[in-house]
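> Just the structure for this:
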Amino acid sequence: MGVAVWKEEFVNKIKEADINDEWKLIVDENLLKGDRGLYYTQNTFAGFNCSNCRHHWKSSKVFILFMMNQNKTFKHGTVKMRIFRQACKSCTADVLEIPKITHENMERVVRNVVTKIQKKFYSMHDPNEDLKPQSYGRSEGPHDKEHCEACKHNLCDWQVQPGEYEMEPYSSNALTGILMGLGRLTLNNKIKK
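Prediction:
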């Protein structure tokens, strides 16, 4: 499913939600936690095809990271999105493959993102929040963290709770203070023993 389809669906869902501000969806292949914004995570169901050995697999742990920011003054917002990939476990190519997400699951993911925008930025409530993905067939066993791009970045939901969280970067002085405090705490614990 191409980027244009995701963007079109996002614009349509924003209009359906009666949000008058302009919102834009941006696909960012380098998005990770760290910048200031409201982060939201979702898992969806998708299929994969290995470009090397042609092995096909399905996964219910296709991780998607979103970062939302709003500029109230100019009445617009942005949502950055990154869909994480998986590698084939049947061959040694170690190529990260792009998931094939059905149109129905893409609609559900976008709908959930727009619901978060309604709640967090406009104090609106939508009774259809948190639509779960549709599964098509069975996924292959437990989540394979060794071949999951999100797991390699410590993002996958087996490591963190899915949902939303806000992140504001620490200043270098604050980070230095935190590290010094941890060092003192460790030293004090060793002296007491």
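
> How about the contacts made by residue 9?
Counting by C-beta atoms under 8 Å, 6 or more residues apart in numbering, residue 9 makes contact with 106-107, 110. In this view, the C-beta of every residue, glycine as well, is placed from N, C-alpha and C.

> quick one: average pLDDT of stretch 67-74?
Averaged across stretch 67-74, pLDDT comes to 95.

> Please read the previous query as pertaining to stretch 2-20.
The pLDDT scores in stretch 2-20 average 95.

> Show me the strands in the chain, by range?
Assigned strands in the chain, in chain order: 22-27, 37-49, 56-71, 76-83, 86-87, 96-97, 164-167 (criterion: DSSP state E).

> Now do the helices in this structure.
All helices of the chain, identified by DSSP state H, fall at 3-16, 103-122, 149-152, 172-192.

> that older thread, next, format the strands of the chain as JSON lines and append mean neighbour count.
Below are these laid out as JSON lines (neighbours: other C-beta atoms under 10 Å):
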{"stretch": "strand 22-27", "mean neighbour count": "16"}
{"stretch": "strand 37-49", "mean neighbour count": "21"}
{"stretch": "strand 56-71", "mean neighbour count": "19"}
{"stretch": "strand 76-83", "mean neighbour count": "20"}
{"stretch": "strand 86-87", "mean neighbour count": "22"}
{"stretch": "strand 96-97", "mean neighbour count": "18"}
{"stretch": "strand 164-167", "mean neighbour count": "12"}
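
> nearest to residue 151, of those strands?
Residue 151 lies closest, by C-beta to C-beta, to one member of those: strand 56-71, at 8.2 Å.

> Can you list the strands that the closest one pairs with?
Neighbouring strands of strand 56-71 in its sheet, by DSSP bridges, are strand 37-49 (antiparallel), strand 76-83 (antiparallel).

> Can I get that strand as PDB, trimmed to CA atoms?
Backbone C-alpha positions of strand 56-71 (Å, rounded to 0.1, in the frame of the first residue of the first chain) are rendered in PDB as follows:
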ATOM      1  CA  HIS A  56       5.800 -15.700   2.800                       C
ATOM      2  CA  TRP A  57       4.800 -15.000   6.400                       C
ATOM      3  CA  LYS A  58       2.100 -13.200   8.300                       C
ATOM      4  CA  SER A  59       2.500 -11.200  11.500                       C
ATOM      5  CA  SER A  60       0.100  -9.600  14.000                       C
ATOM      6  CA  LYS A  61       3.000  -7.500  15.400                       C
ATOM      7  CA  VAL A  62       3.600  -5.000  12.600                       C
ATOM      8  CA  PHE A  63       4.600  -2.000  14.600                       C
ATOM      9  CA  ILE A  64       3.700   1.500  13.600                       C
ATOM     10  CA  LEU A  65       5.000   4.600  15.400                       C
ATOM     11  CA  PHE A  66       3.400   8.000  15.100                       C
ATOM     12  CA  MET A  67       4.500  11.400  16.400                       C
ATOM     13  CA  MET A  68       1.900  14.200  16.500                       C
ATOM     14  CA  ASN A  69       2.400  18.000  16.900                       C
ATOM     15  CA  GLN A  70       0.000  20.800  16.600                       C
ATOM     16  CA  ASN A  71       0.500  24.500  16.000                       C
END
